[in-house]
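Undergrad: 3D model of this:
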Amino acid sequence: MIDEILGLVAKHEEWRGKQCLNLIPSENIMSPTARKLLSSEFVHRYTARDHYYMGTRFTDEIEEYGEKLAREVFRAETADLRPLSGHIADLIFLATQTKPNDTLMCISPDDGGYPGMWKDGLAGFLGLKTVAFPFSKHDRNIRVEQAKDSIRLLKPKIVIFGASLITFPHPVKELAKIAKENDAIVGFDGSHVMGLIAGQQFQDPLHEGAYALFGSTHKSFFGPQGGIVLADKENGEIIKEKIYPTFVDNAHWNRIAALTLALAEMKKFGKAYAIQVIRNSQTLGKALYDYGFAVACQHLGFTQSHQVILDYKQGRVFAEKLQNVNIIVDCVIRIGTCEVTRRGMKENEMLKIAELIKRALIDKEKTESIRKDVAKLCAEFQKVEYCFDE
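TA: I've put the predicted structure just below:
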């Protein structure tokens, strides 16, 4: 039994860790040192805000250190590392700021918005009415003037920017003022672009009019799987007060230790990392477009984030064909550059990746030949960059 379990893990690590080009934009890779902290002694321990548990001296110090780093990295007045996921961070923000029958305005899943926040997700669970931002699929962004009219007309209680398919900064600055004039609370789900925001290369929602920035810590941000909430002082203190015991009891302190180290790495290396992520995305998008792929937003330079979006309805078919040659994407298709960037790949490697994708999907070359070249490219980039040397 033990051999079977350990064997499955070993096979996964050999395949996904060493032989695959991982291009899913909602994944990243941690530094070896941060990853080791997930198996630290913290993994066994509890703590609580009321100090019910003894022996938490260093746990409390780690949390305090992590929050301090988060405030610095995101230029926020408050920070909380306890949410167990981006989804839980979304839940915390929505539940602490709304009541049943309030109206939520965000991007519809039909336009690339996060399904977990929509009618079948958190909004439905919390009894919220949902209305969609007016959206341009051609530009992959919110229609500003129509959105202003919608906010005035519908007067949503809460307005949330951010999306699962996000290639360009959202017009927070342009819309936050009109939202506040109509008594709306403004938030930004930065799950996908948290690392680019931290690296100061995307946008700065907290200084563009959002009360809070929240989401995942393991997509363009290269921490462990989990969540984070950042906010101004007034709203942040309200949120922090309500997290325990309503939404999070044991916050998984091994995760928080690893996240704290990832925040330190982001503070030191985040700008260079974020710049390269965006360069890689733009290079990959253009190369795929030049090969004849239907890449979204050619007229805008393809992307300003970690994602390149291919406009195909047969996304699953393409994703399965790419998986056969060890190129891993999702079924939309969104192609993410965050993990390959952290492995040290740059523009030249993006050209190679585009060529490999072309060979698989256009040339329909033999699987084994492409798989061999994928493995060769991966073997050259096994070291994690943008982190402290061990």
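
Undergrad: ranges for the helices of this structure?
TA: Residue ranges of the helices in the chain, as given by DSSP state H, are 2-14, 32-37, 57-74, 86-97, 122-125, 144-154, 172-181, 194-198, 233-246, 253-290, 315-323, 338-342, 347-361, 367-379.

Undergrad: so what does the last one touch, helix or strand wise?
TA: Spelled out, it's helix 367-379. Under the contact definition 3 or more Cβ pairs under 8 Å, 6 or more residues apart in numbering; DSSP states H and E, helix 367-379 sits against strand 21-22, helix 347-361. Glycine gets a C-beta too; all of them are placed from N, C-alpha and C.

Undergrad: So what touches the shortest one?
TA: This means strand 21-22. Taking contacts as Cβ atoms under 8 Å, 6 or more residues apart in numbering, the residues outside strand 21-22 that touch it are R16, I29, N326, I327, I328, E339, V340, I353, L356, V374, L377, C378.

Undergrad: Among those residues, name the buried ones.
TA: Among the contacts of strand 21-22, those buried by neighbour count (16 or more other Cβ atoms under 10 Å) are I29, N326, I327, I328, E339, V340, I353, L356, V374, C378.

Undergrad: and the helices and strands packed on helix 367-379, which is most packed in?
TA: Between the helices and strands packed on helix 367-379, the one whose residues have the most neighbours on average, counting mean count of other Cβ atoms under 10 Å, is strand 21-22 (a mean of 22).

Undergrad: that older thread, CSV for the buried ones among the contacts of strand 21-22, including distance to D110 and pLDDT?
TA: Putting the buried ones among the contacts of strand 21-22 into CSV (distance: Cβ to Cβ, whole Å; pLDDT from 0 to 100) gives the following:
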residue, distance to D110, pLDDT
I29, 31, 98
N326, 32, 98
I327, 27, 98
I328, 25, 98
E339, 28, 98
V340, 29, 98
I353, 29, 98
L356, 31, 98
V374, 33, 98
C378, 35, 98
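
Undergrad: ok, the residues you listed vs P224, which is closest?
TA: Nearest to P224 out of the buried ones among the contacts of strand 21-22 is I29 (Cβ to Cβ; 11.0 Å).

Undergrad: can you tell me how far the closest one sits from D311?
TA: Using Cβ to Cβ, to the nearest Å, we find I29 at a distance of 28 Å from D311.

Undergrad: Enumerate every residue touching the closest residue to C106 other than its chain neighbours.
TA: Once flanking residues are discounted, C106 sits nearest to I160: 4.3 Å by Cβ to Cβ, 6 or more residues apart in numbering. By Cβ under 8 Å, 6+ apart, the residues touching I160 are F93, L104, M105, C106, M117, V186, G187, F188, D189.

Undergrad: Neighbour-wise, which one of those leads?
TA: Within these, most neighbours by other Cβ atoms under 10 Å means D189, with 32 neighbours.

Undergrad: Contact partners for the residue lying closest to that residue once chain neighbours are set aside?
TA: The shortest distance from D189 to any non-neighbouring residue, by Cβ to Cβ, 6+ apart, is to G162 (3.4 Å). G162 makes contacts with C106, I107, Y114, H170, F188, D189, G190, S191, H192, V193, G215, as judged by Cβ under 8 Å, 6+ apart.

Undergrad: rewinding a little: what bridges to the residue nearest to C106?
TA: G187 (DSSP bridges).

Undergrad: Give me the pLDDT value at it.
TA: Taken from the predicted model, the pLDDT recorded for I160 is 98.

Undergrad: what about the residue nearest to the spatial centre of the chain, distance to K68?
TA: By Cα atoms, centre = their mean, the chain has its centre lying nearest to H192, at 2.4 Å. Separation of H192 from K68 (Cβ to Cβ) stands at 25 Å.

Undergrad: what does V374 give?
TA: Distance check for V374 against K68: by Cβ to Cβ, it reads 41 Å.
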